[in-house]
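Engineer: below: sequence and its predicted model.
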Amino acid sequence: MTDSAETTAAALPHKLFLLDAFALIYRAHFAFSKNPRVNSKGLNTGAILGFTNTLVEVLQKEKPTHIGVAFDAAKKTFRHEQYPEYKAQRQAMPEDIGLAIPYIKQIIKAFHIPILMVEGFEADDVIGTLAGRAEQQGFGEVFMMTPDKDYCQLVTDCVKIYRPAFMGNAAEILDVAHVLQRFEIERVEQVIDILGLQGDASDNIPGIPGIGEKTAKKLIQEYGSVEGLIANVDKLKGKQQQNVREFAEQGLMSKELATIHLDVPIEFEADKLILDQPDMEELRRLFDELEFRQLAARVLGDGAGSAAGVTTGGTPTPRGPGGPKWPTPARAACLARRLMRPWLSGPRRAAPARPARLPAPAVRSKTWPTNIT
């Protein structure tokens, strides 16, 4: 970290962004699945491009003073020990994502952003732990950058969810009021009870049979928690009563599996999360190798000073006269498509010559139709 970055960050209100790497990588990969981005070497770069665009956009628009990117540990977690079938139904990681991850980590490191990972824990546990400790240390704003709804259980007046822009939709910030309205609850922590009751097919969390999101909301409104529901099982009727009675332990286990743990053994070291100047030469090398020409122009600008618009501490590089300009994400995507069209569709064929017009007959026959156009 440079001295100027540390001094600038110390002088500004702290604004921490914690990114859920795999949630953003998978989202980027599937966003390009119908129109893959493949470079001249045959590498599918969609996940890399999408993740990097999202990262650059938050750096340029939100101006964080502190930032980190969390990855899931490669080995199984404590949740697998509790429930061996946890995430058991998931398919193997797509090969293209496996090839993209090393490049994404290189890009993150070139931006001088720390990678956060703890064996035995998932990224949401790491982010939840660090977000809570940042709030305890007086950080004014902490943003968990992810599209995952499970993070709603962690939202406080200080800690919020930042859903980055996607497929034409603007970025969205989810605060306490949004979470309470979205889940129709009185307290944020009741998100865990709803997730426990309804289960989560993507993580293979079973929940209680016969209870979906709508029913889970109604039951938590009435009984307050999974434990409260089980204690009042006699008030239920029919099949619902039978399922709650029979699968009570499964419901409690599902609630535990859906709970993001806040006691991950990781130190919150604010000074190591300060946003520093990127390594522009390394970024240029990576962008050249990946053939990200438009992204390089957007990030590196004219090659002088800091990366275009990516600053340390909240003061953006001017975009008017005297400062580098970069296209908006939508414009950059449009330009990229134009550049890529020739090698995606092959060489453009010349239009066939139009046949010469036949001369009109000297005398029109009396029986010639007059309604032909």
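Structural biologist: Sure thing, it's come through.

Engineer: any idea how far Q190 is from the residue lying closest to R133 once chain neighbours are set aside?
Structural biologist: For R133, ignoring the flanking residues on the chain, the nearest one in space by C-beta to C-beta, 6 or more residues apart in numbering is F268 at 3.8 Å. All C-beta spots, glycine's among them, are computed from the backbone N, C-alpha and C. From F268 across to Q190, the span is 27 Å (C-beta to C-beta, to the nearest Å).

Engineer: cool, and D157?
Structural biologist: 17 Å.

Engineer: now do the buried residues in stretch 143-163.
Structural biologist: 143-155, 158-163 (16 or more other C-beta atoms under 10 Å).

Engineer: now stretch 278-285
Structural biologist: 278, 280, 283-284.

Engineer: out of these, who's nearest N35?
Structural biologist: L283 (24.8 Å; C-beta to C-beta).

Engineer: quick check: the closest one touching L300?
Structural biologist: Yes: contact criterion C-beta atoms under 8 Å: L283 and L300 qualify, at 6.5 Å.

Engineer: tell me the contacts of the residue nearest to R133?
Structural biologist: Contacts for F268 (C-beta atoms under 8 Å, 6 or more residues apart in numbering) come out as 129-130, 133-134, 137.

Engineer: check the gap between it and V58 for me.
Structural biologist: From F268 to V58 the distance is 20 Å (C-beta to C-beta).

Engineer: for M167, give me the pLDDT.
Structural biologist: Note on M167: pLDDT of 76.

Engineer: again, but for A362
Structural biologist: pLDDT, A362: 42.

Engineer: now swap in the one 3 residues further on and tell me
Structural biologist: S365 is assigned a pLDDT of 36 by the prediction.

Engineer: same check, this time on R90
Structural biologist: 85.

Engineer: grab the nearest non-local neighbour of D263.
Structural biologist: T129 (6.7 Å).

Engineer: wait, what's in contact with that neighbour?
Structural biologist: Contacts for T129 (C-beta under 8 Å, 6+ apart) come out as 261-264, 266, 268.

Engineer: next structured bit after the helix or strand where Q240 lies?
Structural biologist: In this structure, Q240 is located in helix 238-246 according to DSSP states H and E. For helix 238-246, the following helix or strand on the C-terminal side (DSSP H and E) is helix 248-258.
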